[in-house]
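Undergrad: need a 3D model of the sequence below.
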Amino acid sequence: MKKLFLTTAALAIAASTAFAADTVRLGTEGAYAPWNFLNDDGEVDGFERELGDELCTRAELTCEWVTNDWDSIIPNLVSGNYDAIIAGMSITDERDEVIDFSDNYTPPDPSAYLALSDGVDLEGGVIAAQTGTIQAGHIAAGGATLVEFATPEETVAAVRNGEADAVLADKSYLVPIAAEDGDLSIVGPDVPLGGGVGMGFRETDAELRGKFDAAIKSMKDDGSLNELIAKWEVSSQF
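TA: Here you go, the predicted structure:
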């Protein structure tokens, strides 16, 4: 669950646009499997695509998908480029100063370190993280040297090519990478960050948020949300 670490510029943006009632635009990154990614046909796919489509059906809303780079995903919500964020975004107090969140649709999921060997210095070494995540914020607040990259793929590449000793990211993102690459492995303890993943909305769109909250609750109540979480292996279940 990707966790945005807001910049001062983002915090200064005020809500200004209400959602279009006829079509709700869902903004995602499209680059963070298994949460969201682009398939071979160039279409948004993954856990959040399946979840978002089901939520829209239950809320009786017509929805379309929009992709946006992670580092500007909140500013572009606030400016009206789409009506909701569904992009592995953890619910944090800092973000809540700028946008509103739905109820969480996954519980908190740990972050983890990925490295080439068990002996790396996680406390004082060079650690990679994606720009604009609270993994980056966590590293910056500690004793390690932070190196930031625009995409999650670049953080892993930095470990492979020796630019970083390890990468800190969502464990659900890193585990499949470690399974496919025998040179990389999960190292050190898990790092608990964030408070679960939810959808983001402009602060002026309480009605729209309420529709999605009701749909999320219905999926929790009938067990279908846990089934979807298990299918995509993105988090622990409720």
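Undergrad: what segments of the chain are strands?
TA: 24-28, 31-32, 36-38, 44-45, 63-67, 84-85, 100-101, 111-115, 126-130, 145-149, 166-170, 185-191, 200-201 (DSSP state E).
Undergrad: what helices and strands are in contact with the longest one?
TA: Applying 3 or more CB pairs under 8 Å, 6 or more residues apart in numbering; DSSP states H and E, we find strand 185-191 packed against strand 111-115, strand 166-170, helix 171-180. (Each C-beta comes from the backbone N, C-alpha and C, glycine too.)
Undergrad: and with 10 Å instead?
TA: strand 111-115, helix 134-140, strand 166-170, helix 171-180 (3 or more CB pairs under 10 Å, 6 or more residues apart in numbering; DSSP states H and E).
Undergrad: Ile74: which of those is closest?
TA: helix 134-140 (13.0 Å; CB to CB).
Undergrad: most remote residue from this structure's center?
TA: In the chain, the residue that sits farthest from the middle, by CA atoms, centre = their mean, is Gly119; the gap is 28.7 Å.
Undergrad: list the residues that contact that one.
TA: Asp165, Val187 (CB atoms under 10 Å, 6 or more residues apart in numbering).
Undergrad: CA atoms only for the lengthiest helix in the chain, dumped as CSV, please.
TA: The residue-count maximum for a helix in the chain (DSSP state H) belongs to helix 206-222. Extracted in CSV, the C-alpha atoms of helix 206-222 (Å, rounded to 0.1, in the frame of the first residue of the first chain):
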residue,chain,number,x,y,z
ALA,A,206,-18.7,13.8,0.9
GLU,A,207,-21.7,12.4,-1.0
LEU,A,208,-19.5,10.4,-3.4
ARG,A,209,-17.3,9.2,-0.5
GLY,A,210,-20.4,8.0,1.2
LYS,A,211,-21.5,5.9,-1.8
PHE,A,212,-18.2,4.1,-1.8
ASP,A,213,-18.1,3.7,1.9
ALA,A,214,-21.5,1.9,1.7
ALA,A,215,-20.1,-0.3,-1.1
ILE,A,216,-17.0,-1.2,0.8
LYS,A,217,-19.0,-2.1,3.9
SER,A,218,-21.2,-4.4,1.8
MET,A,219,-18.2,-6.2,0.5
LYS,A,220,-16.8,-6.6,4.0
ASP,A,221,-20.1,-7.9,5.3
ASP,A,222,-20.6,-10.5,2.6
